[in-house]
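Asks: Build the 3D model from these lines:
(chains A and B)
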Amino acid sequence: MNKPIRTISVAFLVLFLALMANVTYLQYWRADSLADDGRNRRAVDEAFSQPRGAILVGREPVAESVPSDDRFEYQRTYPQPLAYAHITGWYNYFNAQSGACSTCQRRIEQTQDDLLSGEDDRLFVTRLVDLLSNETSEGGNVALTLDPVAQRAAFDGLREVLGPEGQGAVVALEPRTGKVLAMVSLPTFDPNRLASHDLSVVSSAGEELEEDPAQPLLNRAIQTTLPPGSTFKVVTAAAAIENGLYEVGDDVPGGPTFQLPQTTGDTGLIDNQGRSCGASTVPFAQAMAQSCNTTFARLAIEVGAERMEEQAEAFGFNQEYFDDLLPQAVSRFPEEMNEPQTGQSGIGQFDVAATPLQMAMVVAGIANGGTVMKPYLVDEVQSPEFEQIEQTDPEALSEAVSSSTASQLTDLLVATVDEGTASPAAIPGVQVAGKTGTAQSGQDDVPPYAWFVSFAPADDPEVAVAVMIQEAPGIERGEIAGGLLGGPIAKAIMKAVINR
Amino acid sequence: MSQTTGNPILGFVHRRRRGAELFLLVLALAVGIGAYAAVGVGVEGAVPTDLIGYGGWLAALVVGAHIVVRLVAPYADPVLLPVVAALNGLGLAVIHRLDLTEDTGFAAQQLVWMTIGVALFVGTLVLLRDHRILTRFTYTSGLAAIVLLLMPMLPLIGNEVRGARIWVRLGPVGMQPGEVAKVLLVIAFAGYLVLHRDALALAGRRLLFVDLPRGRDLGPILGMWLISLGILVFQRDLGSSLLFFGLFLFMLYVATERAGWLVVGGGLFLGGALVAWQLFSHVQTRVNVWLNPFDYYGPGTNDSAFQPVEATFGMAWGGLLGRGFGGGDPGRVPFAESDFIMAAIGEELGLTGMMAVLVLYGLIVERGLRAALISRDGFGKLLATGLASVFALQVFVVIGGVTGLIPLTGLTTPFLSYGGSSLVANWVIIALLLRVSDLARRPVPELTTADDDAGDQDTQVIRVAR
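Replies: Residues are numbered from 1 along each chain as shown, chains lettered A, B, ... in the order given. Next comes the predicted model:
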């Protein structure tokens, strides 16, 4: 009977070898891909228990990991939750695994996750040293471009105007580089609740925020597009000058009313709501200062739909250009419009819609001699020991207008602040360029949107601002005007940046 | 047959090697007690306060078993007992580790069961001085096995746990009679086959490639086997069905030396598996979960693959060296202390620990088959082969299932899993293997009457190669 016993010995040997091979495959070759699986709670638990790097504004952290005594060793905290909520986002058990949700909001906590968690290749050396010295690996830090004083001014100013219920956003850019100096969206939320280790707190807070009709989770600075109204006249003026139709000293078509081509009656009739825009022509500076609808509707038609679209796209319309916060809404300038539509779009109505960031880029481009810089929020990535690893280089997005056009536009906008509708933004001793806007919402029960764009100082611009007020409860419909509401906010931000 | 006078085994005498066994047992105790201490340090941050009491108890059990082996089975294989002691000690430590996070008290119970197991081990060795006595109980064992297998289906004491009706519960004590039945069935098969092997191999008709034996030779054992298999299928105990089927096939093959049985058996297995897959939805579920576990895991599914997928994640999480006791999260796998204990070992001790455990199991099987090879009597050969086969198959079916090599079927992991019946039955299996190896390695007493040899040769069956 020994021969069959030897045979089955070999068979059993094969079975055991199969087990060993399979276990090796599972625990060695497949181990990495299984650890990366978003459903692997062990990986999530571990990632969640690691100390993450800080998100810094100036020298202060706006997001940091502090030791905690529960089963996850570190608690993510946000020391200035309301002002920075839309920038930092939040880090909790549910979004700890990168790539777990592709449709979710991805803010700095998510877009810079590799670096903050320490997995980024740029931190390879640090990781190696930690491994050899047997220390827990820590994440790198992310320093933002934000200016803490400007951000505070923007947040306080906007909240004062809007009240607790209002909706609006502010963006401030450094024209030379495209650095985002301030970005605020209201209403806001407290990311600390969403980062709680008590998952029931997270769920109830998340549900509450999702269901809030005011949509506090929305970052209105980049995710809400609204008709920019009169602030868009800056683009129309840029197109007219850039294409050689007019210069800053010229008289432009004006008049109290203008009947759009191919239309009859009130729907196609454009007026200036009583502002002084000459009898048939008006000086260019006065047209801008008084925000003459009749002028800019006619200029847009004279420039033509195609060249208007080219100009708008040169400023960034119909494109995506911001990588640090996702997703973002694309600012829209319609294609293939007929003449009346072109006329309406010249005053920022019809289907034109822009994010506050887009309008800030328009004025920043003019302030920067016509070159629009790509906006960015991450200034610097640092090692866990706060040593600089990499700094973001400013990058030009496009040449929107020539420098001569830019300086002529600057003159127009300075006049608008000095003598026109944008006077609330004037700063004594500093030349400010600005433009107001009040856009019809197009719905009877929705009040108009107020806009304000500006930059200063006009001769050597340090900051460009866009303020958008979507809804300001408690303010009479008749009092909603870009200059009145947005001007003081823009002024406060500009002063903060210039005086720093 | 051997014509040598004097010692028939070419003058070779096995050494007792009891000292080697004692030395290996010290290593095994170091594994068991060391693992227990490591659990305390890893999970609670301190060496357990009861380490001395626990270690002392474990050492007393193991050394007691060793002394009994030294006294009543001095020539027994010296590797088996240390390997089993190491596995049992490791199993206790892992169960204790799971107790600490799951707030259960399985380890203490398992230690009681181990004590009973060692007692039965000692009892078997002391009472059973020659395994051939068991041939007297061939039919009794077979009948007892069938009765035991039927017990879970009886009202009042029968008990269904997790879809399989394999439990008997009398008051507070529960047991899985199938674990005991498998030992009895091996005895019954071995006893029957050793008597009828020549008839099975030689008498009968040739059909296709196989010499089919006569019905009266094959009938009783076939009946015994079919009944037990039928009961298990009826109880939805897939793992045990597979185990018994393979066991019967291997023993028949060893007894008759006809490889055709393996072909027939393999064909029957495939056919049976196909029929079972067609007929039973729970078999289909198992196969589907095995093929695409991730389709049955997570929100939006019925989560029927939760256990295997969590085990897969856990073992992968362990990687090469494991997370260390207390470093993983093995409690995420349901029933980690019983069927899925290998997942906990893989997570916290890594591939290294898995390999070590597999090698230990391999050693048990190898030692069992070695005892079968050198055994001087047919019954001993069949008994040892059967017991080693049970072991090998059970390890393959359960670890293969947990690691995703084959579809998952519920079986306990010998000596590691929490569970009294299994632990006790396995200790008895080891005692039987030691007894067979003791007799095989023992020097043969001198046979003086030469006439016996001549008489034997007259009636020897002469095999003719056809």
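Asks: Name the SS class of A:F94, please.
Replies: coil (DSSP: H, G, I helix; E, B strand; the rest coil).
Asks: What's the separation between it and chain B?
Replies: According to Cβ to the nearest Cβ, to the nearest Å, A:F94 stands 12 Å off from chain B. All C-beta spots, glycine's among them, are computed from the backbone N, C-alpha and C.
Asks: go on, A:T405?
Replies: From A:T405 to chain B the distance is 56 Å (Cβ to the nearest Cβ).
Asks: host element of the one residue sitting closest to the centre of chain B?
Replies: Geometric centre of chain B, nearest residue: B:F391, 3.0 Å, by Cα atoms, centre = their mean. Element membership of B:F391 [criterion: DSSP states H and E] is helix B:378-402.
Asks: For chain A, give me the ranges with low pLDDT.
Replies: For chain A, the stretches flagged by pLDDT under 70 are A:97-103, A:134-137, A:478, A:482.
Asks: ok, longest helix in chain B?
Replies: In terms of residue count, the longest helix belonging to chain B (DSSP state H) is helix B:341-374.
Asks: Tell me how far that one lies from the chain's centre.
Replies: On the basis of Cα atoms, centre = their mean, to the nearest Å, helix B:341-374 sits 12 Å off its chain's mean C-alpha point.
Asks: pLDDT averaged over it - what is it?
Replies: Across helix B:341-374, pLDDT averages out at 95.
Asks: for that helix, packing partners?
Replies: helix A:2-24, helix B:80-102, helix B:306-318, helix B:378-402, helix B:420-441 (3 or more Cβ pairs under 8 Å, 6 or more residues apart in numbering or on different chains; DSSP states H and E).
Asks: Of the ones you listed, which is nearest B:A273?
Replies: Closest approach to B:A273 among the helices and strands packed on helix B:341-374 is made by helix B:378-402 (13.1 Å; Cβ to Cβ).
Asks: tell me the angle of the closest one relative to helix B:341-374?
Replies: Note on geometry: by axes from the mean of the first three to the mean of the last three Cα atoms, to 10 degrees, helix B:378-402 and helix B:341-374 are set 160 degrees apart in direction.
Asks: Do a quick rundown of the strands in the stretch 401-500 of chain A.
Replies: Counting by DSSP state E, counting those that start in this stretch, the stretch 401-500 of chain A has strands at residues A:433-439, A:449-456, A:463-471.
Asks: Of all those, which one is nearest chain B?
Replies: strand A:463-471 (35.6 Å; Cβ to the nearest Cβ).
Asks: rewinding a little: okay, buried residues for the longest helix of chain B please.
Replies: Residues B:341-351, B:353-358, B:360-374 are the ones in helix B:341-374 that count as buried (16 or more other Cβ atoms under 10 Å in any protein chain shown).
Asks: next one: stretch A:2-9
Replies: Under the neighbour-count criterion of 16+ other Cβ under 10 Å, stretch A:2-9 has A:P4, A:I5, A:T7, A:I8, A:S9 buried.
Asks: Filtering these by proximity to chain B, which remain?
Replies: Taking Cβ under 8 Å from any Cβ of the partner chain as the test, chain B is in contact with A:P4, A:I5, A:T7, A:I8, A:S9 out of the buried residues of stretch A:2-9.
Asks: ok now do the third one, which residues does it touch?
Replies: To tie it back to what came earlier, the one meant is A:T7. Each residue near A:T7 by Cβ atoms under 8 Å, 6 or more residues apart in numbering or on different chains is listed here: B:Y253, B:A259.
Asks: Can you tell me the number of residues neighbouring the residue nearest to A:Q440 when sequence neighbours are not counted?
Replies: Once flanking residues are discounted, A:Q440 sits nearest to A:P448: 5.5 Å by Cβ to Cβ, 6 or more residues apart in numbering or on different chains. Counted by other Cβ atoms under 10 Å in any protein chain shown, the residues lying close to A:P448 total 19.
Asks: how far away is A:P448 from A:S9?
Replies: A:P448 is 89 Å from A:S9, where distance means Cβ to Cβ, to the nearest Å.
Asks: what do you get for B:P152?
Replies: B:P152 sits at a distance of 34 Å from A:S9 (criterion: Cβ to Cβ).
Asks: that older thread, let me know whether the residue nearest to A:Q440 touches A:T438 as I believe.
Replies: Yes - contact criterion Cβ atoms under 8 Å: A:P448 and A:T438 qualify, at 5.2 Å.
Asks: list the residues that contact both of the two?
Replies: A:G229, A:I480.
Asks: Can you tell me the closest non-neighbouring residue to the spatially most central residue of chain A?
Replies: Note on chain A: the residue nearest the mean C-alpha position is A:I222, at 3.7 Å, using Cα atoms, centre = their mean. Nearest non-adjacent residue to A:I222, counting by Cβ to Cβ, 6+ apart: A:Q328, 4.3 Å away.
Asks: which SSE is that neighbour in?
Replies: Using DSSP H and E, no helix or strand contains A:Q328.
Asks: From chain B, how far out is A:E335?
Replies: A:E335 is 41 Å from chain B, by Cβ to the nearest Cβ.
Asks: follow-up on the earlier one: quick check, the residue nearest to the centre of chain A in a strand?
Replies: No - assigned with three-state DSSP, A:I222 falls outside any strand and is helix.
Asks: quick one: it from A:V180, how far?
Replies: When distance is defined by Cβ to Cβ, A:I222 is 10 Å away from A:V180.
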